[in-house]
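**Q** I would like to see how this sequence folds:
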Amino acid sequence: MATSPTQLSLKKLREEGYTVAVVEHWNSFARIRQDLFGFIDLLALKGKEVLAVQTTTASNMAARCRKIADHENVGPVREAGWAIHVHGWHQDDKKKWHCKVKDVS
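**A** Predicted structure coming up:
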């Protein structure tokens with residue numbers, strides 16, 4: 001995948017009028033990417049809305065949804081009133097990117 005799902009979601013959300021920040025980071029000691037609260041790649045703001053986004057490929061969406069549902073921090077994030085979306089990206093035959101959005105708030 002030449003363009004990462006994170007970059008695709010950043011572009012999509014900015015086009016939708018959100019102010020977006022990448023909140024996952026590389027932990028060089030553990031040699032892994034670490035998400036905010038264990039499952040958030042992007043944090044997007046628009047008005048009073050706070051949107052937490054996990055980005056992935058479309059084929060990996062179910063696994064990401066399970067990861068979020070089972071995570072110990074999902075309760076407090078939901079209680080804070082944040083919306084939680086999973087963005088699943090895939091390309092069509094013409095190499096155009098498409099995003100499936102699943103609300104798991």
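**Q** what number of residues lie near Gly17?
**A** Counted by other Cβ atoms under 10 Å, the residues lying close to Gly17 total 9. Heads up, the C-betas are built off the backbone N, CA and C, glycines and all.
**Q** cool, Gly81 as well?
**A** Counted by other Cβ under 10 Å, the residues lying close to Gly81 total 10.
**Q** would you confirm that it contacts Val50?
**A** Yes. Contact between Gly81 and Val50 holds when scored by Cβ atoms under 8 Å: they sit 7.1 Å apart.
**Q** list the buried residues in the helix or strand hosting Cys65.
**A** Using DSSP states H and E, Cys65 sits in helix 61-70. By 16 or more other Cβ atoms under 10 Å, the buried positions in helix 61-70 come out as Met61, Arg64, Cys65, Lys67, Ile68.
**Q** which residue ranges form the helices in this protein?
**A** Counting by DSSP state H, the chain has these helices, from start to end: 5-15, 61-70, 74-79.
**Q** where does pLDDT dip in the chain?
**A** Along the chain, the model assigns pLDDT under 70 to residues 1-2.
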